[in-house]
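A.B. asks: Let me see the structure of the following:
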Amino acid sequence: MKPITFDSFIRAALIVLAIVLVVLAVDYLSVVLVPFFVAWFLAYLVFPVVEFFQYKVRLHYRVLAIIATLLLIGGIITGVVMLIMPSVTDDFQRFVKIVDNYLRHKSYDNQVEQFIAKYFSHTSVSKLLHDGQFIDLFKTIMPRMISFLQHTAGLIISIFSWGIAALYFFFILYDYERISQSFHAMVPRRYARFTAQLTTDLKNGMNAYFRGQFIISLCVGILFCIGFTIINFPLAIPMGLLIGMLSFIPYLHALGLIPALLLCILKSAETGQNFWLVAAGCAAVFIIVQIIQDAVLTPKIMGKAIGLPPYLILLSLSVWGYLLGIIGMIIALPLTTLIVSYYKRYIVKSEE
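C.D. replies: Sure, this is the predicted structure:
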């Protein structure tokens with residue numbers, strides 16, 4: 001072990017300080033950087049298709065390959081929508097009927113008329129102006145109006161940012177190889193070989209992970225569609241597809257419980273069934289699919305794709321999810337695979 005000198009201590013301190021400053025800068029600029037990284041992530045997923053069109057189909061111009069890729073993706077989405085549209089239309093009409101019946105029983109029209117008569121009659125307005133309550137009302141309303149305007153401005157900025165993200169997406173796809181090469185050129189020469197190997201291993205791990213996770217989310221969506229159809233649940237197909245898309249990020253499909261609870265209430269109002277029985281049927285679908293996913297799909301598909309045993313898959317998802325939230329759950333398995341691989345390659349080998 002090398003002795004710690006003053007120079008090595010200062011060098012380490014500067015490295016730690018640089019890392020802290022980078023983290024703080026990223027956090028401060030997150031509003032700007034998040035659309036860029038989302039665009040980069042989508043470009044990373046789509047780029048193999050662009051390569052296929054450019055080099056296999058021989059569309060020699062990158063712009064034509066990008067346009068062909070976007071048309072293919074749009075065509076697939078359109079085909080899926082057209083395939084499920086009849087079922088979705090029937091379910092949606094049923095949903096509208098449930099809501100309409102529910103609102104009719106609540107007699108909201110009378111409540112609106114009573115509200116207008118109580119608060120907006122000529123006498124009430126005159127009294128409000130002459131009793132000096134107008135200033136108090138103005139003081140109460142103005143902060144809310146300012147807050148509303150701020151949120152509106154934030155929404156406009158967000159829309160603008162995601163519009164910029166679409167431009168990022170296009171330009172990253174257009175110059176993908178050049179950007180990757182420039183990244184490698186920034187690495188010092190003595191670390192170039194290790195960095196290239198690390199990048200290749202990470203890319204292979206990410207590719208295997210996304211392939212496996214796509215298959216899992218597809219299977220989960222199909223299982224939910226089947227389960228919801230069996231229990232005659234409102235919007236069975238759309239709900240199943242929504243939960244399947246959410247499950248691309250591990251355990252994020254739990255967010256589907258929120259609209260599912262609303263649909264349980266509406267189904268109970270429509271059919272007169274006990275709400276808890278409807279909710280129990282919905283919960284049974286969630287529990288059964290979750291068991292199938294954790295006990296069969298994830299160990300078989302993901303374990304084969306990335307080479308990790310089931311217990312380590314669940315442990316890595318728990319640890320990285322706790323440390324970094326949703327982002328941690330996305331990168332958990334590729335990073336764990338990389339760490340295990342490098343541990344076996346360097347640490348175990350050095351001990352031997």
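
A.B. asks: contact partners of whatever helix or strand Val46 lives in?
C.D. replies: Using DSSP states H and E, Val46 sits in helix 30-51. Residues outside helix 30-51 that contact it (Cβ atoms under 8 Å, 6 or more residues apart in numbering) are 26, 62, 65-66, 69, 72-73, 157, 161-162, 164-166, 168-169, 172-173, 176, 206, 210. C-beta here means a position set from N, CA and C on the backbone, and glycine is covered the same way.

A.B. asks: Quickly note the distance from Ala18 to Arg11.
C.D. replies: 11 Å (Cβ to Cβ, to the nearest Å).

A.B. asks: who touches both of those two?
C.D. replies: Common neighbours of Ala18 and Arg11 (Cβ under 8 Å, 6+ apart) do not exist.

A.B. asks: which among the contacts of helix 30-51 end up buried?
C.D. replies: Buried by 16 or more other Cβ atoms under 10 Å: 62, 65-66, 69, 165, 168-169, 172-173, 176, 206, 210, out of the contacts of helix 30-51.

A.B. asks: Which of these fall within helices?
C.D. replies: When DSSP state H is applied, the buried ones among the contacts of helix 30-51 are split such that 62, 65-66, 69, 165, 168-169, 172-173, 176, 206, 210 fall in helices.

A.B. asks: so who does Phe224 touch?
C.D. replies: The contact partners of Phe224, by Cβ under 8 Å, 6+ apart, come to 239-240, 243-244, 256, 285, 289.

A.B. asks: Just the helices from the stretch 101-250 of the chain, written as ranges.
C.D. replies: Ranges of helices in the stretch 101-250 of the chain, per DSSP state H, counting those that start in this stretch, are 108-119, 122-130, 133-174, 176-185, 189-230, 236-246.

A.B. asks: Please work out how many residues are found near Trp294.
C.D. replies: Rather than Trp, residue 294 is Asp. Close neighbours of Asp294, defined as other Cβ atoms under 10 Å, add up to 15.

A.B. asks: ok, for it, nearest residue in space, not its chain neighbours?
C.D. replies: Leu314 (7.4 Å; Cβ to Cβ, 6 or more residues apart in numbering).

A.B. asks: cool, and Leu223?
C.D. replies: Of all residues not flanking Leu223 in the chain, Val289 sits nearest, at 4.7 Å (Cβ to Cβ, 6+ apart).

A.B. asks: That neighbour contacts Gly227, correct?
C.D. replies: Yes. Assessed by Cβ atoms under 8 Å, Val289 is found in contact with Gly227 at 6.3 Å.

A.B. asks: what about Gly307, how many residues close to it?
C.D. replies: Gly307: 13 surrounding residues under other Cβ under 10 Å.

A.B. asks: I should have written Thr336 there, sorry.
C.D. replies: Thr336 has 21 neighbouring residues, counting by other Cβ under 10 Å.

A.B. asks: Over to Arg193?
C.D. replies: Arg193 has 10 neighbouring residues, counting by other Cβ under 10 Å.

A.B. asks: Any stretches of the stretch 101-250 of the chain with poor pLDDT?
C.D. replies: For the stretch 101-250 of the chain, residues meeting the criterion pLDDT under 70 lie at 101-158, 161, 184-185.

A.B. asks: ok, now with 50
C.D. replies: Low-confidence segments of the stretch 101-250 of the chain, defined by pLDDT under 50: 107-109, 111-112, 115-116, 119-120.

A.B. asks: mind checking the backbone torsions on Pro234?
C.D. replies: Main-chain dihedrals, Pro234, degrees, to the nearest 10: phi -60, psi 140.

A.B. asks: From Gln273, how far out is it?
C.D. replies: Look at Pro234 and Gln273: by Cβ to Cβ, they are 12 Å apart.

A.B. asks: now Val80
C.D. replies: Counting by Cβ to Cβ, the gap from Val80 to Gln273 is 32 Å.

A.B. asks: ok, now Trp162?
C.D. replies: Trp162 sits 42 Å away from Gln273, going by Cβ to Cβ.

A.B. asks: Same question for Ala280.
C.D. replies: According to Cβ to Cβ, Ala280 and Gln273 sit 11 Å apart.

A.B. asks: what's the answer for Gly244, then?
C.D. replies: Noted for Gly244: a distance of 26 Å to Gln273, by Cβ to Cβ.

A.B. asks: the more surrounded of the two?
C.D. replies: Gly244 (22 against 13).

A.B. asks: for the more buried one, what are its contacts?
C.D. replies: Contacts of Gly244 (Cβ under 8 Å, 6+ apart): 217-218, 220-222, 224-225, 253.

A.B. asks: And stretch 330-347, how far out from the chain middle?
C.D. replies: 24 Å (Cα atoms, centre = their mean, to the nearest Å).

A.B. asks: same deal with stretch 36-51?
C.D. replies: Using Cα atoms, centre = their mean, the offset of stretch 36-51 from its chain centre is 15 Å.

A.B. asks: got it, and stretch 234-252?
C.D. replies: Distance, centroid of stretch 234-252 to centroid of chain: 12 Å (Cα atoms, centre = their mean).
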